[in-house]
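Chemist: how would this look folded up:
(one chain, ligands or ions: 1)
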Amino acid sequence: MNHPIPSFANWSPSDLKSEILLGDCAEVLQRLPNESVDLIVTSPPYADQRKSTYGGIHPDKYVEWMLPRTAQMFRVLKDGGSFVLNIKEKAMDGQRHTYVLELILALKKQGWLWTEEYVWHKRNCYPGKWPNRFRDAWERCLHFTKSRKFKMNQQSVMVPMGDWAQTRLKSLGKNDVLRHDSQVGNAFAKNIANWQGRDMAYPTNVLHLATECGNKGHSAAFPLSLPQWFIKLFTDPGDVVLDPFVGSGTTVEAASGLGRSVIGIDVLDEYVQMCRQKLIPVQGVLLEKAAKYNVDQVSQKICRR
Ligand SMILES: C[S@@+](CC[C@H](N)C(=O)[O-])C[C@H]1O[C@@H](n2cnc3c(N)ncnc32)[C@H](O)[C@@H]1O
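Modeler: The predicted model follows:
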């Protein structure tokens, strides 16, 4: 019989900790207490990718494979928590497979609210072409919650007003002072004139981030700024972040660097070892890093092209 991880039950915000656990997250997650995690941010194996390393799941079986794992995630997530799922469907036989869309519908049936979809635009993606499409330069970051009311620190990811202060906001038309939420497609919302003279604005739901594959020791790592941005947005210092498909430990580095406790799980021992090695230096400079990351550099870098 599996028992809860003893050290985990006593975690408190003033006592930052990290646990890197080996195993299939379907089983390992059963050891975590109910409603004990504030944010899940993860990039699971994509269907049929990387068969030679951690095994591929056939796209037709992907939803069936994922649901027992997301059921555990639902159980361990707090009511006001968030689940950010970085995923992208592949093209098969000249068409996009629909497994991500099917997964979204299945997650809604499981009780998740599909609250938002963020787009990770891979800003350093080089051009390319196939007979029926161009190079894929974006991935989904699906945002699920358990309830309509959830923790969201919007101020923590504000971006400089940038060019808007010099151009669009300088000479406003009649409609700009009348516009309402439903009509605007920018970050300002409501009356655009309200934003004149301000230095910072809210970002959009498109994150412009370069991929970082070198020196990571993992062929499918996401950039450090990706989990950093979501951790700042959906958690407070001292909260608990979980990555059930942790790979090279990017989420571990981001969360502990921002002063959050973190649990990482991977089915391959080599990645668990890699994460544990990363953790020691990260924890050693925790306060210094937290101070550095809390400056708004992270969000500014992400939201500017
Ligand atoms: C896309 S990678 C994650 C990469 C990670 N975001 C990073 O930045 O390094 C997916 C990871 O999930 C792990 N994995 C695959 N199946 C798993 C399972 N059932 N339980 C836990 N981990 C699993 C793989 O070993 C792989 O490291």
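
Chemist: every contact and neighbour count from this point should use C-alpha atoms.
Modeler: OK.

Chemist: could you pull out the strands for the stretch 151-300 of the chain?
Modeler: Assigned by DSSP state E, counting those that start in this stretch, the strands in the stretch 151-300 of the chain fall at 159-160, 200-201, 206-209, 240-243, 261-266.

Chemist: most packed of those strands?
Modeler: Highest mean neighbour count among the strands of the stretch 151-300 of the chain (mean count of other CA atoms under 10 Å): strand 240-243, with a mean of 29.

Chemist: tell me what that one is packed against?
Modeler: strand 37-42, helix 250-257, strand 261-266 (3 or more CA pairs under 8 Å, 6 or more residues apart in numbering; DSSP states H and E).

Chemist: can we see that at 7 Å?
Modeler: When contacts are defined as 3 or more CA pairs under 7 Å, 6 or more residues apart in numbering; DSSP states H and E, strand 240-243 packs onto strand 37-42, strand 261-266.

Chemist: residue boundaries of the helices in the chain?
Modeler: 6-9, 25-28, 62-76, 99-110, 163-166, 225-234, 250-257, 269-284, 286-294, 297-303 (DSSP state H).

Chemist: buried stuff in the second one?
Modeler: Spelled out, that is helix 25-28. Cys25, Ala26, Val28 (16 or more other CA atoms under 10 Å).

Chemist: now it: how far from the chain's centre is it?
Modeler: Distance of helix 25-28 from its chain centroid, counting by CA atoms, centre = their mean, to the nearest Å, is 20 Å.

Chemist: give me the nearest residue to the closest residue to the ligand within the stretch 1-150 of the chain, chain neighbours excluded.
Modeler: Closest residue of the stretch 1-150 of the chain to the ligand, CA to the nearest ligand atom: Asp24 (3.5 Å). With sequence-adjacent residues excluded and distances taken as CA to CA, 6 or more residues apart in numbering, Asp24 is closest to Val267, at 5.0 Å.

Chemist: do the same with Ala91
Modeler: Using CA to CA, 6+ apart, the closest residue to Ala91 is His97 (5.7 Å).

Chemist: of all the helices and strands packed on strand 240-243, which lies closest to Pro127?
Modeler: Closest approach to Pro127 among the helices and strands packed on strand 240-243 is made by strand 37-42 (26.8 Å; CA to CA).

Chemist: partner strands of the closest one, parallel or antiparallel?
Modeler: Its sheet considered, strand 37-42 pairs with strand 77-87 (parallel), strand 240-243 (parallel) by DSSP bridges.

Chemist: shouldn't Phe134 be in contact with Gly128?
Modeler: Yes: with contact defined as CA atoms under 7 Å, Phe134 and Gly128 form a contacting pair (5.8 Å).

Chemist: could you list the domains of this structure?
Modeler: Split into domains by automatic domain parsing, the chain comes to 6-158+203-303, 161-202.

Chemist: dump those to TSV, plus mean pLDDT.
Modeler: Listed next are the domains of the chain as TSV, based on pLDDT from 0 to 100:
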stretch	mean pLDDT
domain 6-158+203-303	85
domain 161-202	63
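
Chemist: which of these sits most buried?
Modeler: Using mean count of other CA under 10 Å, domain 6-158+203-303 ranks as the most buried of the domains of the chain, with a mean of 18.

Chemist: show me the contacts for Phe234.
Modeler: Phe234 makes contacts with Leu39, Ser82, Lys151, Met152, Asn153, as judged by CA atoms under 7 Å, 6 or more residues apart in numbering.

Chemist: need the residues of the stretch 201-305 of the chain near the ligand, please.
Modeler: 218, 220-222, 244-250, 265-268 (CA under 6 Å from any ligand atom).

Chemist: redo that, cut-off 8 Å
Modeler: Within reach of the ligand by CA under 8 Å from any ligand atom, the stretch 201-305 of the chain has these residues: 216-224, 243-251, 265-268, 271.

Chemist: tell me the contacts of the closest residue to Thr251 other than its chain neighbours?
Modeler: Closest residue in space to Thr251, ignoring its immediate chain neighbours: Pro227 at 5.7 Å, by CA to CA, 6+ apart. By CA under 7 Å, 6+ apart, the residues touching Pro227 are Val41, Thr251, Ala254.

Chemist: need the residues you listed in JSON lines with distance to Trp120, can you?
Modeler: Output for the contacts of Pro227, formatted as JSON lines (distance: CA to CA, whole Å):
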{"residue": "Val41", "distance to Trp120": "14"}
{"residue": "Thr251", "distance to Trp120": "16"}
{"residue": "Ala254", "distance to Trp120": "17"}
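
Chemist: which one of those is nearest to Lys61?
Modeler: For those, the nearest to Lys61 is Val41 (22.4 Å; CA to CA).
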